[in-house]
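Enquirer: From the sequence below, what's the structure:
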Amino acid sequence: MSEGTGHDILYPLSMFRMTREIPSLSFEVIEGSEIPDPYRDLLFHDGDMTSRLEQFHGGTIYVDKLHSSSDGRAYFREVTLRREKDSCPVEYGAIEISLSALPTDVAELVLEAKRPLGGILNHYRISYTSAPKAFLKIIPDDAIREIFGPVEDTLYGRCNEITGFNGDSYARIVEIIPTVNGSPA
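Expert: So this is what the prediction gives:
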């Protein structure tokens, strides 16, 4: 397993892990077509994860903020996304959000850390594109098991960038999906 080539593909998740002195995540970059179902349906697309997860799980998703920081221009948070109906985790990851690229009222909602960015952008009808930069095959470690509980030997995720219509980067994200059965729980 490698840790990417050239640049830090797991940023900003790698930053949170380093700050918390958690060893680097063991992963391999793979083609999206190599991801098995149902993970492929959840990850291999150019839409936002909020809509995809809410559709798959049949309900609203909320943010469970684990750690965050902000310098006023950028906001960093490590989160677990959970189903509203039963608090079951449906995604773990980290995001860097460019507050300066967003309207003030949207940036304020982002800082509240209750709704995922995709849901906020969709609600306010803010145009954006979602562009996965890499798909990941991940060997879960104790830090991930602490969030998801018992998981398969392999998990899948993606590194994504959300960009505004004017080319501004709204966010860089690492998204990891827990073990799923192929149907909503």
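Enquirer: Can you check which strand is longest in this structure?
Expert: Longest strand of the chain, by residue count under DSSP state E: strand 128-139.
Enquirer: Would you mark the buried spots in it?
Expert: Y128, S130, P132, A134, F135, L136, K137, I138 (16 or more other Cβ atoms under 10 Å). From N, CA and C alone the C-beta is placed, and that goes for glycine too.
Enquirer: other SSEs contacting that strand?
Expert: strand 26-30, strand 155-164, strand 169-177 (3 or more Cβ pairs under 8 Å, 6 or more residues apart in numbering; DSSP states H and E).
Enquirer: What strands line up against that strand, and which way round?
Expert: With DSSP bridges as the test, strand 128-139 is paired with strand 26-30 (antiparallel), strand 155-164 (antiparallel).
Enquirer: Ok, which of those comes nearest L43?
Expert: Evaluated over these, closeness to L43 peaks at strand 155-164, with 4.9 Å, by Cβ to Cβ.
Enquirer: Just the CA trace of that closest one, in PDB.
Expert: The C-alpha coordinates for strand 155-164 follow below in PDB (Å, rounded to 0.1, in the frame of the first residue of the first chain):
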ATOM      1  CA  LEU A 155     -12.900   0.100   2.900                       C
ATOM      2  CA  TYR A 156     -13.300   2.500   0.000                       C
ATOM      3  CA  GLY A 157     -13.200   6.200  -0.300                       C
ATOM      4  CA  ARG A 158     -12.400   9.100  -2.600                       C
ATOM      5  CA  CYS A 159     -10.600  12.500  -2.600                       C
ATOM      6  CA  ASN A 160     -12.800  15.100  -4.100                       C
ATOM      7  CA  GLU A 161     -12.700  18.800  -4.900                       C
ATOM      8  CA  ILE A 162     -15.800  21.100  -5.100                       C
ATOM      9  CA  THR A 163     -15.400  24.100  -7.300                       C
ATOM     10  CA  GLY A 164     -17.600  27.100  -7.900                       C
END
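Enquirer: before we move on, back to that, among the strands paired with strand 128-139, which is nearest S51?
Expert: Proximity to S51, assessed across the strands paired with strand 128-139 by Cβ to Cβ, is greatest for strand 155-164 (12.6 Å).
Enquirer: Give me the mean pLDDT for that closest one.
Expert: Strand 155-164 shows an average pLDDT of 96 in the prediction.
Enquirer: tell me the angle that strand makes with strand 169-177.
Expert: Between strand 155-164 and strand 169-177, the angle comes out at 170 degrees (axes from the mean of the first three to the mean of the last three Cα atoms, to 10 degrees).
Enquirer: pLDDT value on H45, please?
Expert: Per the predicted model, pLDDT is 92 at H45.
Enquirer: wait, I meant P184
Expert: 40.
Enquirer: if we can go back for a sec, can you say which of the helices and strands packed on strand 128-139 is packed in most?
Expert: Of all the helices and strands packed on strand 128-139, strand 169-177 has the most neighbours on average by mean count of other Cβ atoms under 10 Å, namely a mean of 24.
Enquirer: Thanks a lot, catch you later.
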